[in-house]
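> Got a sequence here, can you build the structure:
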Amino acid sequence: MAMERVVADSLEMEVPELVPRDSTLPVVPNAATAVIGMRRSGKTYRLFQEMKRLLAAGVPRTCLLYVNFEDDRLGEVDVRDLDALTNEYYRQFPAHRQAEVHLFFDEIQNVVGWERYVRRLLDTERVRICLTGSSACLLSRELATAMRGRAIARELFPYSFRENLRSKGVALPATGGLPGKNATSRFEHELAVYLRNGGFPAVQSLSVIDRCQVLQSYVDSVLFRDIVERHHVENHTVLRHLVRRLLESTGSRFSIGKFHNELKSLGLGCAKNTVCDYLAYLEDAFLVFHVAIHSSSEKRKQVNPRKCYCVDSGLVCACLPPDRLDSGHLLENLVFIELLRRRYQLWYHVTRAGREVDFFGIRPDGATVLIQVCADMSDAATRQRELAALDQAMDETGLREGTVITLYAAEEVALAAGRVVRVMPAWRWLLTGDAETP
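Numbers count the residues shown, from 1 in each chain. A predicted model of the protein is given here:
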């Protein structure tokens, strides 16, 4: 495909309508911005949103060049074609060498040598560059190596609850106000749907059967395109067994040693180091995440099991039978992903008495928080257990406040020594909590 046609098609393309995402893209002088995340999370449309923002700010359309390197019409593209692309663009718009041009390169990792080309553009032209790449080839740590500090990565997750409501046209509560009973019931209903369906944009309007099939295909795509093909994994059986066990363990501690013993009992030969490698591949592909125990001792962090979470509760619901699903664990998974969106550093905390608090977090501003997740606190024993764990953790960490996130309950509980626990329904925390606009 001639580069003249690529440039012409790009400038003729109308930016599609979209559901605005809440995160902003960082702007760092002389550095590219990379949008990374699991497949089908909406990275391409995040580029389109940035294009719309620039157009609304008065940037001429001819200063925005978008190229999708997975377009089959391009054929096999090499770095010389990239040079031809920008040469053709500036041939058509020579005056733009004196202006700032915004280049949007979608799935650029398909071009061998792209990183040298991008670095050279940053050094020689007045450009701002936004990249996306599949999690197979444009991971955050690989990006740091390829770009040598000349790129800033921003993770994009599936829709948040707020974005999910926006996609459905549901009105959000006014800032600082509490909704009435009708709106509260609507938010509670939408949260239950969101827990089950998840936040991947393309599945929101699908039937139950179609949604499950599509979400299962997302998992298969990660396994085979991002892991098997890329890392030349041959033991597909162990890999699939590991994924299933991780999804079943969402919100729970996962022991590599116990899993390795389980494999041996099933007659599945696999070295423990190989299991560790598979876990790293899955986390690199943004399918699963792991949280270590909160401790100043690195040894304690290493010897204790990590808690595992999935990038989206909809994937868990689509891949497991209903009798293996737990609403409390799904809610905890939802809270975890939201905390990642808010860019918290996270651990789980175990008190000296052995009680567990789900999250000890450090916010981007440096403040520390303790968060417990409990779907239903109506049972007296459950209530006492959750509050006692937070009370002990606050005593050990010196914090004066803790939070319990539930499905429905809301109250404020005064504890000993002036400590306070705020009990919040998840929908309210998701919509009016301490979320920042990243």
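
> Could you check how far the spatially closest residue to residue 248 that is not a sequence neighbour is from residue 317?
Among residues not flanking residue 248 along the chain, residue 324 sits closest, at 5.9 Å (CB to CB, 6 or more residues apart in numbering). Bear in mind the C-beta positions are built from the backbone N, C-alpha and C, glycine included. For residue 324, the distance to residue 317 equals 10 Å [CB to CB, to the nearest Å].

> Looking at these two, which is more packed in?
Here residue 324 and residue 317 are compared on neighbour count by other CB atoms under 10 Å; more neighbours surround residue 317, at 23 against 12.

> Show residues contacting the helix or strand hosting that one.
Assigned by DSSP states H and E, residue 317 belongs to helix 313-319. Contacting residues not belonging to helix 313-319 are listed as 158, 194-200, 203, 211-212, 215-216, 218-219, 243-244, 247, 250, 287, 310, 325, 330, 333-334 [CB atoms under 8 Å, 6 or more residues apart in numbering].

> Tell me the buried residues within these.
Neighbour-count burial (16 or more other CB atoms under 10 Å) applied to the contacts of helix 313-319 gives 158, 194-200, 203, 211-212, 215, 218-219, 243, 247, 250, 287, 310, 325, 330, 333-334.

> So residue 405 sits against residue 336, correct?
No. Using CB atoms under 8 Å, residue 405 is not in contact with residue 336, being 10.8 Å away.

> quick one: low-confidence ranges for the stretch 1-150 of the chain?
Applying pLDDT under 70 to the stretch 1-150 of the chain flags the ranges 1, 134-145.

> All the strands of it, in order from the start?
Counting by DSSP state E, counting those that start in this stretch, the stretch 1-150 of the chain has strands at residues 32-36, 64-68, 101-106, 127-132.

> deepest of those strands, which one?
Neighbour counts (mean count of other CB atoms under 10 Å) averaged over each of those peak at strand 32-36, with a mean of 24.

> What strands line up against that strand, and which way round?
According to DSSP bridges, strand 32-36 forms sheet pairs with strand 127-132 (parallel), strand 151-155 (parallel).

> quick revisit: please tabulate the strands of the stretch 1-150 of the chain in a markdown table, including the columns distance to residue 17.
Formatted as a markdown table, those follow (distance: least, CB to CB, whole Å):
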| stretch | distance to residue 17 |
| --- | --- |
| strand 32-36 | 19 |
| strand 64-68 | 16 |
| strand 101-106 | 17 |
| strand 127-132 | 19 |
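
> out of those, nearest to residue 421?
Of all those, strand 32-36 sits nearest to residue 421, with 36.2 Å by CB to CB.

> So what touches the closest one?
Counting by CB under 8 Å, 6+ apart, 25-27, 43, 46-47, 118, 122, 128-133, 135, 138-140, 143, 147, 150-156, 286 sit against strand 32-36.

> likewise stretch 248-261?
Under CB under 8 Å, 6+ apart, the answer for stretch 248-261 is 242, 245-246, 270, 272, 275-276, 279, 290, 304-310, 313, 316, 320, 324, 326, 328-330, 332-333, 336, 358, 373.

> Stretch 324-333 now?
Residues outside stretch 324-333 that contact it (CB under 8 Å, 6+ apart): 195, 248, 250-252, 309-310, 313, 316-317, 358, 373-376, 405, 407, 426.

> got the buried residues for stretch 287-299?
By neighbour count on 16+ other CB under 10 Å, the buried set for stretch 287-299 is 287-289, 291-294.

> Local confidence estimate at the residue nearest the centre of the chain?
Residue closest to the average C-alpha location in the chain (CA atoms, centre = their mean): residue 157, at 3.1 Å. Turning to residue 157, the model gives it a pLDDT of 96.
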